[in-house]
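S.K.: sequence-free structure coming up:
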C-alpha cells in the first residue's frame, strides 16, 4: 500500500499553468502505475492520465492530451502533473492514485491507493 499526498492546486486564470505534485510513502514505489483523476463540480471522477512504473510509458485522455504532461521521480517517490493552457472546464478536484503493477494500461478500477485531492479552479 502507498499513502499519497497531493499539492499544488490553486486558483488561476484561463491560459495559465499549474504543476501538481503527489508524494508517496510506502515501499516499492516503482512497482506501481500512477494515475491522475479529476472530479469537476457536480460530476463524477474520471481518469485523465497514467504513467507506468518506470515512467517510460504514459496515456492521456482526449480532454487533456497536448496540454497536460505527467512524469515521475521514483527516487523522490513523486509524480507530477504539469498543466498548461488551463481552461475553465479544467476546474476540478485532482487526485493521484496508484495501482500495483507497472503497466500504465491498467483500467481505472484497478487504482486503489488514493490521495485526498487538491482543488484547481480556473477562471475565464
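M.R.: Looks like it came in fine. Computed from a prediction, not measured in an experiment: that's the story for all the values here.
S.K.: got a list of contacts for stretch 10-19?
M.R.: 8-9, 80-88, 119-124 (CB atoms under 8 Å, 6 or more residues apart in numbering). No exception for glycine: its C-beta is placed from N, CA and C like everyone else's.
S.K.: ok now do the residue lying closest to residue 58 once chain neighbours are set aside, which residues does it touch?
M.R.: Spatial nearest neighbour of residue 58, chain neighbours left out: residue 51 (5.0 Å); criterion: CB to CB, 6 or more residues apart in numbering. Going by CB under 8 Å, 6+ apart, residue 51 touches 33, 34, 35, 57, 58, 70, 71, 72, 79, 104.
S.K.: Correct me if wrong: the fourth one contacts residue 72.
M.R.: No: taking contacts as CB atoms under 8 Å, residue 57 lies outside contact range of residue 72: 11.1 Å.
S.K.: Give me the more crowded residue out of those two.
M.R.: Set residue 57 next to residue 72 and count neighbours by other CB atoms under 10 Å: residue 72 wins out with 23 against 14.
S.K.: pLDDT below threshold where in this structure?
M.R.: By pLDDT under 70, the chain contains no weakly predicted segment.
S.K.: Look up how far residue 124 lies from the residue nearest to the spatial centre of it.
M.R.: With distances taken as CA atoms, centre = their mean, the residue of the chain nearest its centroid is residue 36 (2.4 Å). Distance, residue 36 to residue 124, using CB to CB, to the nearest Å: 23 Å.
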